[in-house]
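> sequence and predicted model, in that order:
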Amino acid sequence: MEVEPGEELQVDFGTGAKIRNADGTYRRTHVFRCVLSHSRKGDSEAVFKQDTESFIRTLENAFWALGGVSQRMVFDNATCAVKTPDWYDPELNPKLVDFCKHYGCAFIPTRVRTPWHKW
């Protein structure tokens, strides 16, 4: 995969370690991971929820950590980003659309059931 510097950011969530609370119970975490396609420089952050607000916050934190905003972000069809997955015309979450307009970038979901399009 060859892209120009700053052109593409690949984004995903993974399962993180469980964290023990003060009361002795455990809470699951999710690990947000993003990687610039050209340089392979990346950023990671653990969150408790995989919702739209957490996704947007981690993206913004990644922009700060990586020193800028890529032209496009590639992500799978998780419900925090895509309301209705579709092979040709996915419906994106309106909050994410506003976020992308604010930062001047595009959000490209992978095709349904083809996560290898991202990597």
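Thanks, I have it. Here the structure is a predicted model, which is why all the values come from computation and not from measurement.

> do you know how far Thr25 is from Asp98?
Computed as CB to CB, to the nearest Å, the Thr25 to Asp98 distance reads 36 Å. Using the backbone N, CA and C atoms, a C-beta is placed for each residue, glycine as well.

> whoops, I mixed them up, Phe63
Taking CB to CB, one finds Phe63 at 15 Å from Asp98.

> more crowded one of these two?
Taking neighbours as other CB atoms under 10 Å, Phe63 and Asp98 compare with Phe63 leading, 17 against 11.

> doesn't Ile56 make contact with the more buried one?
No. Using CB atoms under 8 Å, Phe63 is not in contact with Ile56; the gap is 10.8 Å.

> for Tyr26, which residues make a bridge with it?
With DSSP bridges as the criterion, Tyr26 is bridged to Arg20.

> and it, how many neighbours?
Count around Tyr26 with other CB under 10 Å applied: 10.

> that one against Gly16, yeah?
No. With contact taken as CB under 8 Å, Tyr26 and Gly16 are classed as non-touching, separated by 11.8 Å.

> in which helix or strand would I find the nearest residue to Cys100 once chain neighbours are set aside?
What sits nearest to Cys100 in space, not counting adjacent residues and going by CB to CB, 6 or more residues apart in numbering, is Phe107, at 5.1 Å. Secondary structure assignment for Phe107, by DSSP states H and E: strand 106-109.
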